[in-house]
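Trainee: Pasting a predicted model and its sequence here:
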2 protein chains.
Amino acid sequence: MRASDQIIHKAAWLYYTHNMRQEEVAKALNISRASVAAYLRKAREAGVVSISASTRLYREETLARRLEDGLGLGAVWIVPEGGGAMSAEANIPFVAANAFLSLIGPTSRIGVAWGRTIYHVADAMDVADLQDVTVTQLCGNLGAPYTYRPDQCTIEIARRLNARPINLYAPLVLSTEELARGLRAERVVAGQLAGIAECDIALFSVGSVEPDSHIVACGALPADKLARMREEGAVGVIGGQLIDGAGRWIDCSYNRRLISVDLDTVRRIPKRFVVVVEAGKFEALAAAIRGGFVSHLVVSAEMGQKLLEAGLEKP
Amino acid sequence: MRASDQIIHKAAWLYYTHNMRQEEVAKALNISRASVAAYLRKAREAGVVSISASTRLYREETLARRLEDGLGLGAVWIVPEGGGAMSAEANIPFVAANAFLSLIGPTSRIGVAWGRTIYHVADAMDVADLQDVTVTQLCGNLGAPYTYRPDQCTIEIARRLNARPINLYAPLVLSTEELARGLRAERVVAGQLAGIAECDIALFSVGSVEPDSHIVACGALPADKLARMREEGAVGVIGGQLIDGAGRWIDCSYNRRLISVDLDTVRRIPKRFVVVVEAGKFEALAAAIRGGFVSHLVVSAEMGQKLLEAGLEKP
DNA sequence: GGAGAACCTTGCCGTTTGTCAGCACCGCTG
DNA sequence: CAGCGGTGCTGACAAACGGCAAGGTTCTCC
């Protein structure tokens, strides 16, 4: 710890823990009140103090309870529609970020996938000071300057938590199966992928297989190929990989050309935290639940209602 | 959740999570700003929002690191002497409370002993909203109207965390061994004591065997009896029970008449969080460390120095 | 030893927040 | 149905806070 950090910690300690006024803190540390105010801002920005809000309001929706019971999920948060900042779409990332942080311990190992939703969750996360936490990238990278890259999601979350990012330095999709096989066997990559099994919590969303799917937008799979896969039974995407209606990995050329977490490994991660914003992802989410990929879920009231009506049985 | 709690949660959510001004929150919820301010205060008091400060400042004392390495402890916090609110004695409970809370997960099972120190730690704890946490009393009760009773410590900590207290409804000390044996065998009491093994973290201090010891002050053991035990090798108290210099349970009439957690059970609790304020408890603390009762420790710099100089070997 | 950067202090002002008396409303009671 | 206690909301005011500009101090690096 640098010397300049010490005074920041002390000021934050006296102000937030001992509930002193800025004026009192200034006197105690023999500095001016203006400096105290500046230190406190730095402390907040650096995660020296963290403020977390309870997500009980969303856990205790009756719909959430019924989904927990009906689908055998560990915990469900239902975000109702509201005005302005309380609209489901705007609020889901915040609920997810707070709920997710409440599940993190001081030595957690977090696995993170990618996508617009995940990036928004990362963006809604409060800063924290979790130095013994690691954030592991669950799937390979995209070379293209796409906005929501896997490594960006990992790095951003690690930055917020003051945790250690573990990036996967391999492309998500390769042009041939041989190359993918070879790369997966490389020691660095193989070690990384094996390490994912040590994660105790994974954060991901599900992708759709509609023409506006991310895997098309980012150039991983051409739209016509995706359309054919859809005809052959693909209904959703997890960690870049296509799954069918029962949540099974599809044995196709595209999936075989990927560098990404093994789906059985995902199923074995104790906490599988899934966030879905778009209503159009219902089929994909239902498949993910059938496949056992979901233990903790954050969705809108609308989506929750659909899931309940779909009558999915417990996995 | 009551209807009146909803608005409190919503106000807290908009203010703390979405970083809105009170004025904006008031407009969004169609209430006056003054009401927003009132709700926010209630939210803080109820633990709907929790503000925690990093204890890194105290973890990163070089003395702390040396003690961790030298004694094989999981984590040590060293509280240096400072002026006013930063004096070691005044600050230790705050450091302990914050460090302890950082170790608690959403489903932790906490075991709590008793004493002045523990009560002060409880008092320094920020409120939180941990509904799936239990707080278990580690030792029997005192009938007398003593200020720092075991059940009070348990209840106060549970209240702060919004957790569920599990009290042990039995006296700490009985007049005969037969009675103690009989009571320990009672289903309710036996079940309670067995349940302690499920705890994943215990919070306790060590007691001294000086004439001003708690177990004398609270009437559990007459001063002359304690003096004799001291001559026979007692150096400290854990959970009401006398231990010798090596941290072993002493097989004496007093110890046999107690209803308290089995010391081997304490040793098997994964996190054993010990707080010591008084410098005079050095011998007792050293014995506790030798006995393997300590995995996480909060002490003053003075005490830390003594421990290091004592050259205790790793257990 | 001087230029310059970094950091702190003082003084200030507008904004944000905490608080409290007073008022409206509701349910209860005689 | 008037009276009454309690609850909760509001308006107004004072305290606390955030941030800016100007100037001083300390340190570093030529």
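Mentor: Yep, that arrived.
Trainee: wait, isn't A:Ala88 in contact with A:Val79?
Mentor: Yes: between A:Ala88 and A:Val79 a contact is recorded at 4.9 Å, counting by CB atoms under 8 Å. Quick note: C-beta positions are derived from backbone N, CA and C, even for glycine.
Trainee: Look at these two and report which has more neighbours.
Mentor: It is A:Val79, of A:Ala88 and A:Val79, that has more neighbours when counted by other CB atoms under 10 Å in any protein chain shown, with 29 against 19.
Trainee: what bridges to that one?
Mentor: With DSSP bridges as the criterion, A:Val79 is bridged to A:Ser300.
Trainee: if I pick the residue in the stretch 151-300 of chain A positioned nearest to DNA strand C, what's in contact with it?
Mentor: DNA strand C sits closest to A:Asn162 of the stretch 151-300 of chain A, with a gap of 19.4 Å, by CB to the nearest atom of the strand. Residues counted as contacts of A:Asn162 (CB atoms under 8 Å, 6 or more residues apart in numbering or on different chains) are A:Ala46, A:Gly47, A:Val127, A:Ala128, A:Asp129, A:Leu130, A:Gln131.
Trainee: quick revisit: now the common contact residues for A:Ala88 and A:Val79.
Mentor: A:Ser300, A:Ala301.
Trainee: Output the strand or helix carrying A:Asp69 as CSV, nothing but the C-alphas.
Mentor: Counting by DSSP states H and E, the element that carries A:Asp69 is helix A:62-71. Presented in CSV, the C-alpha positions along helix A:62-71 are these (Å, rounded to 0.1, in the frame of the first residue of the first chain):
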residue,chain,number,x,y,z
THR,A,62,-44.4,-13.8,-5.5
LEU,A,63,-43.6,-14.7,-9.0
ALA,A,64,-39.9,-15.2,-8.0
ARG,A,65,-40.9,-17.6,-5.2
ARG,A,66,-43.1,-19.6,-7.5
LEU,A,67,-40.4,-19.9,-10.1
GLU,A,68,-37.9,-21.0,-7.5
ASP,A,69,-40.3,-23.7,-6.4
GLY,A,70,-41.6,-24.6,-9.8
LEU,A,71,-38.2,-24.9,-11.6
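Trainee: So which residues on the stretch 1-150 of chain A come close to chain B?
Mentor: Residues of the stretch 1-150 of chain A lying near chain B by CB under 8 Å from any CB of the partner chain: A:1, A:6, A:9-10, A:12-14, A:16-18, A:20, A:28, A:47-54, A:56-57, A:60, A:83-86, A:94, A:98, A:102-103, A:105-106, A:124, A:129, A:131.
Trainee: Any of those buried? List them.
Mentor: A:9-10, A:12-14, A:16-18, A:20, A:28, A:47-54, A:56-57, A:60, A:85-86, A:94, A:98, A:102-103, A:105, A:124, A:129 (16 or more other CB atoms under 10 Å in any protein chain shown).
Trainee: can you give me the strands in the stretch 101-250 of chain A?
Mentor: A:109-112, A:134-137, A:164-166, A:201-204, A:234-238, A:241-244 (DSSP state E, counting those that start in this stretch).
Trainee: Does chain B have contacts with the shortest one?
Mentor: Spelled out, it's strand A:164-166. No: contact of strand A:164-166 with chain B (CB under 8 Å from any CB) is absent, the minimum separation being 15.3 Å.
Trainee: what are the pairing partners of that strand, and which direction each?
Mentor: When DSSP bridges is applied, strand A:164-166 pairs with strand A:134-137 (parallel).
Trainee: got the CA positions of the strand it pairs with in PDB?
Mentor: Extracted as PDB, the C-alpha positions of strand A:134-137 are listed here (Å, rounded to 0.1, in the frame of the first residue of the first chain):
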ATOM      1  CA  THR A 134     -10.300 -14.000  -9.600                       C
ATOM      2  CA  VAL A 135     -12.400 -13.300 -12.700                       C
ATOM      3  CA  THR A 136     -12.000 -15.900 -15.400                       C
ATOM      4  CA  GLN A 137     -13.000 -15.600 -19.000                       C
END
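Trainee: pLDDT on the longest helix along chain A, on average?
Mentor: When chain A is parsed with DSSP state H, its longest helix is helix A:88-103. For helix A:88-103, the mean pLDDT works out to 94.
Trainee: State the distance from the residue of the stretch 201-315 of chain A at minimum distance from DNA strand D to chain B.
Mentor: Among all residues of the stretch 201-315 of chain A, A:Ala301 sits closest to DNA strand D, at 24.2 Å; criterion: CB to the nearest atom of the strand. Note on A:Ala301: its distance to chain B, by CB to the nearest CB, to the nearest Å, is 15 Å.
Trainee: now for the helix holding A:Asp69, which elements pack on it?
Mentor: If you count contacts as 3 or more CB pairs under 8 Å, 6 or more residues apart in numbering or on different chains; DSSP states H and E, helix A:62-71 packs onto strand A:75-79, helix A:301-310.
Trainee: Now A:Val133: closest residue in space that isn't a chain neighbour?
Mentor: Nearest residue to A:Val133, sequence neighbours excluded (CB to CB, 6 or more residues apart in numbering or on different chains): A:Ala163, at 3.9 Å.
Trainee: From B:Thr55, how far off is that neighbour?
Mentor: 17 Å (CB to CB, to the nearest Å).
Trainee: again with A:Gly111
Mentor: Distance, A:Gly111 to B:Thr55, by CB to CB: 27 Å.
Trainee: ok, now A:Val277?
Mentor: 36 Å.
Trainee: Same question for A:Lys281.
Mentor: Distance from A:Lys281 to B:Thr55, by CB to CB: 41 Å.
Trainee: ok, now A:Leu29?
Mentor: With CB to CB as the criterion, A:Leu29 and B:Thr55 are 18 Å apart.
Trainee: just A:Ser205 next, same as before
Mentor: As for A:Ser205, its distance to B:Thr55 is 34 Å (criterion: CB to CB).
Trainee: These two - which one has more neighbours?
Mentor: A:Ser205 (29 against 25).
Trainee: was I right about the more buried one contacting A:Val276?
Mentor: Yes: assessed by CB under 8 Å, A:Ser205 is found in contact with A:Val276 at 5.9 Å.
Trainee: before we move on, back to that, and of the helices and strands packed on helix A:62-71, who's closest to DNA strand C?
Mentor: strand A:75-79 (24.2 Å).
Trainee: Give me the angle between that closest one and helix A:301-310.
Mentor: Counting by axes from the mean of the first three to the mean of the last three CA atoms, to 10 degrees, strand A:75-79 lies at 130 degrees to helix A:301-310.
Trainee: Show the secondary-structure elements that strand A:75-79 is packed against.
Mentor: Under the contact criterion of 3+ CB pairs under 8 Å, 6+ apart, strand A:75-79 touches helix A:56-59, helix A:62-71, helix A:88-103, strand A:296-300, helix A:301-310.
Trainee: Over to the residue of the stretch 151-300 of chain A closest to DNA strand C: give its phi and psi.
Mentor: phi 60, psi 40 (degrees, to the nearest 10).
Trainee: Name the spans of chain A whose pLDDT lies under the cut-off.
Mentor: For chain A, the stretches with pLDDT under 70 are A:1-3, A:143-146, A:313-315.
Trainee: got the domain boundaries for chain A?
Mentor: A:1-54, A:57-310 (automatic domain parsing).
Trainee: Comparing the ones you listed, which stretch has the densest surroundings?
Mentor: Highest mean neighbour count among those (mean count of other CB atoms under 10 Å in any protein chain shown): domain A:57-310, with a mean of 20.
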